[in-house]
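In: need a 3D model of the following:
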Amino acid sequence: MTPLRGRKNTISHSRRFSSLAIVVLCCVATLPAQTSGFVFFDAPDAGTGDLQGTVPTSIAANGAIAGYYNDSKNEAHGFLRSSAGVITEFDPPSSSDNAVTGINLRGQIVGYGRQSAIVGFLRNPNGTFASIIPPRAVDTIPSAINDNGEIAGYFSDSIGAWYGFVRRTNGSYLVFGVPGSSHQQGGGTFVSGINADSAVAGYYTDKIGLAHGFIRDSLGNFTSFDPPGSGGTAVTAINLSGEVSGYYNTVYGAYGYLRDAAGNFTTFAVPSAAGTFTSGMNDSGSVVGEWSLASSHFGFERDPSGGITSFSASPPDTTYAMSINNAGQVTGYYMGTGGALHGFVK
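Out: Got it, this is the predicted structure:
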């Protein structure tokens, strides 16, 4: 899971790593910023104050969008926006301050909220809920769900170390730690995505706290990786062909990367950006995310040929692209006047 901008009062893992290395990147061209083609929306009960509002996090192949909103009391709740634009707000029973991390083509939604601990949830299309709690879990963060209904995420144990999990469609759990990962408090294995072939990708921290990417295939084989020159590697998505997208830190800032199924890396950055951060990817290899320049943040889409389109949903320039589906629809959010967050789809 990539921790979300504006998220309050929930567990998240830092999306910034120590900057240790120097790299040489391939050249990319940024196309002119786009300002048309956006549809804006807000959950009906979203607050209008600073860091209140609507945060879409995932878009399904049929255009349905899931996410969360912060209300006027700074409490978070889930929402579903249908492809027709109808918004349904929800909270799992006995759960508060709820975040949403994924939706699939079936309309199944995953996320997490506060009970006596942080508990994961699955919301079914009929509106019923199931709790997601792997064995030994104290706090649980489901981060993705594939179209088969398999759920991937990570959880902490009693000493605060983190492990990955996959919840199978029959409700059973597979629990794992990447070989070489830390088992100390705050360290461990962090899962970001799962594809239709049950391959899981994410990152792990080693014994000195440095982050590395990993893939776990459906047979249980692990592959650890880092882009050349990485001083800390994050993973944000894996697609059907086994491509992995993410970002990594250097002394010059953060850069995006795409790793193909054969293990080859393509690294990229938006020209002039202080940092380039990926958030989502579709099965064709189009990647979305955000890039920063001074105090401004812009969305971007990188197409499979390497062309990068930068865009701003609405001035002032604070736009975050979160997810892209196979139809090329992009969802995310922007910060409006007064600091409130608003959803968009384009």
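In: where in this protein is pLDDT low?
Out: Where the chain drops to pLDDT under 70, the residues are 1-36.
In: switch to 80 and redo it
Out: By pLDDT under 80, the low-scoring segments of the chain are 1-36, 315-317.
In: separation between Asp226 and Leu210?
Out: Distance of Asp226 to Leu210, given as CB to CB, to the nearest Å: 9 Å. Backbone N, C-alpha and C define where each C-beta goes, glycine included.
In: quick check on Thr337: phi, psi?
Out: Thr337 has phi and psi values of phi -60, psi 130 when expressed as degrees, to the nearest 10.
In: residues near it, how many?
Out: Burial of Thr337 is recorded as 9 neighbouring residues (other CB atoms under 10 Å).
In: separation between it and Gly53?
Out: Distance check for Thr337 against Gly53: by CB to CB, it reads 12 Å.
In: where along the stretch 51-200 of the chain do the strands fall?
Out: With DSSP state E, counting those that start in this stretch as the criterion, the stretch 51-200 of the chain has strands at 53-59, 65-70, 76-81, 87-90, 96-103, 109-114, 118-123, 129-132, 139-145, 151-156, 162-167, 173-176, 189-194, 200-205.
In: and Val288, which of those strands is closest to it?
Out: Shortest distance between Val288 and these, using CB to CB, is found for strand 53-59: 10.0 Å.
In: which elements pack onto the closest one?
Out: If you count contacts as 3 or more CB pairs under 8 Å, 6 or more residues apart in numbering; DSSP states H and E, strand 53-59 packs onto strand 65-70, strand 96-103, strand 319-324, strand 330-335, strand 341-345.
In: what's the last one in contact with?
Out: It refers to strand 341-345. Applying CB atoms under 8 Å, 6 or more residues apart in numbering, the contact partners of strand 341-345 are 6, 38-43, 46, 51-56, 59, 63, 65, 67, 70, 81, 313-314, 329-336.
In: please apply the same query to the third one.
Out: Outside of strand 319-324, the residues that reach it under the criterion CB under 8 Å, 6+ apart are 4-5, 55-59, 67, 279-282, 286-290, 297-301, 311-313, 330-334.
In: touching, His183 and Ala161? I think so.
Out: Yes - applying CB atoms under 8 Å, one finds His183 in contact with Ala161, separated by 4.7 Å.
In: of the contacts of strand 319-324, just the buried ones, PyMOL syntax please.
Out: Isolation of the buried members of these (16 or more other CB atoms under 10 Å) is achieved in PyMOL through the command below:
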select buried, resi 4+5+55+56+57+58+59+67+279+280+281+282+286+287+288+289+290+297+298+299+300+301+311+312+313+330+331+332+333+334
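In: still on that earlier bit, CSV for the strands of the stretch 51-200 of the chain, including distance to Asn221?
Out: As requested, these are arranged in CSV below (distance: least, CB to CB, whole Å):
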stretch, distance to Asn221
strand 53-59, 27
strand 65-70, 31
strand 76-81, 35
strand 87-90, 38
strand 96-103, 24
strand 109-114, 25
strand 118-123, 26
strand 129-132, 25
strand 139-145, 20
strand 151-156, 16
strand 162-167, 14
strand 173-176, 11
strand 189-194, 15
strand 200-205, 11
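In: relative to Lys346, which of these is closest?
Out: It's strand 53-59; of those, that one is closest to Lys346 (CB to CB) at 10.5 Å.
In: centre of the chain to the closest one, how far?
Out: Centre-to-centre, strand 53-59 and its host chain are 11 Å apart (CA atoms, centre = their mean, to the nearest Å).
In: what's it in contact with?
Out: Strand 53-59 has contacts (CB under 8 Å, 6+ apart) with 4-7, 41-43, 46-47, 65-70, 79, 81, 99-103, 280, 322-325, 329-333, 336, 340-345.
In: same question for stretch 283-290.
Out: By CB under 8 Å, 6+ apart, stretch 283-290 touches 236-237, 239-241, 243, 245, 247, 256, 258, 276-281, 297-304, 319-324, 326, 328, 330, 332.
In: what number of residues lie near the residue nearest to Ser96 when sequence neighbours are not counted?
Out: What sits nearest to Ser96 in space, not counting adjacent residues and going by CB to CB, 6 or more residues apart in numbering, is Arg114, at 5.0 Å. Per other CB under 10 Å, the neighbour tally for Arg114 reads 19.
In: how about stretch 283-300 as PDB, C-alpha atoms only?
Out: These are the backbone C-alpha positions of stretch 283-300, laid out as PDB (Å, rounded to 0.1, in the frame of the first residue of the first chain):
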ATOM      1  CA  ASP A 283      -2.200  -4.300 -17.400                       C
ATOM      2  CA  SER A 284      -0.900  -2.500 -20.500                       C
ATOM      3  CA  GLY A 285       1.900  -0.900 -18.400                       C
ATOM      4  CA  SER A 286       0.600   2.600 -18.200                       C
ATOM      5  CA  VAL A 287       1.700   4.100 -14.800                       C
ATOM      6  CA  VAL A 288       0.200   7.000 -12.900                       C
ATOM      7  CA  GLY A 289       1.400   9.000  -9.900                       C
ATOM      8  CA  GLU A 290       2.500  12.500  -8.800                       C
ATOM      9  CA  TRP A 291       5.500  14.600  -9.000                       C
ATOM     10  CA  SER A 292       6.600  17.600  -7.000                       C
ATOM     11  CA  LEU A 293       8.200  20.900  -7.700                       C
ATOM     12  CA  ALA A 294       8.800  23.200  -4.700                       C
ATOM     13  CA  SER A 295       5.400  23.200  -2.900                       C
ATOM     14  CA  SER A 296       3.400  22.200  -6.000                       C
ATOM     15  CA  HIS A 297       2.300  18.600  -6.800                       C
ATOM     16  CA  PHE A 298       1.100  17.500 -10.200                       C
ATOM     17  CA  GLY A 299      -0.400  14.200 -11.500                       C
ATOM     18  CA  PHE A 300       1.200  12.300 -14.300                       C
END
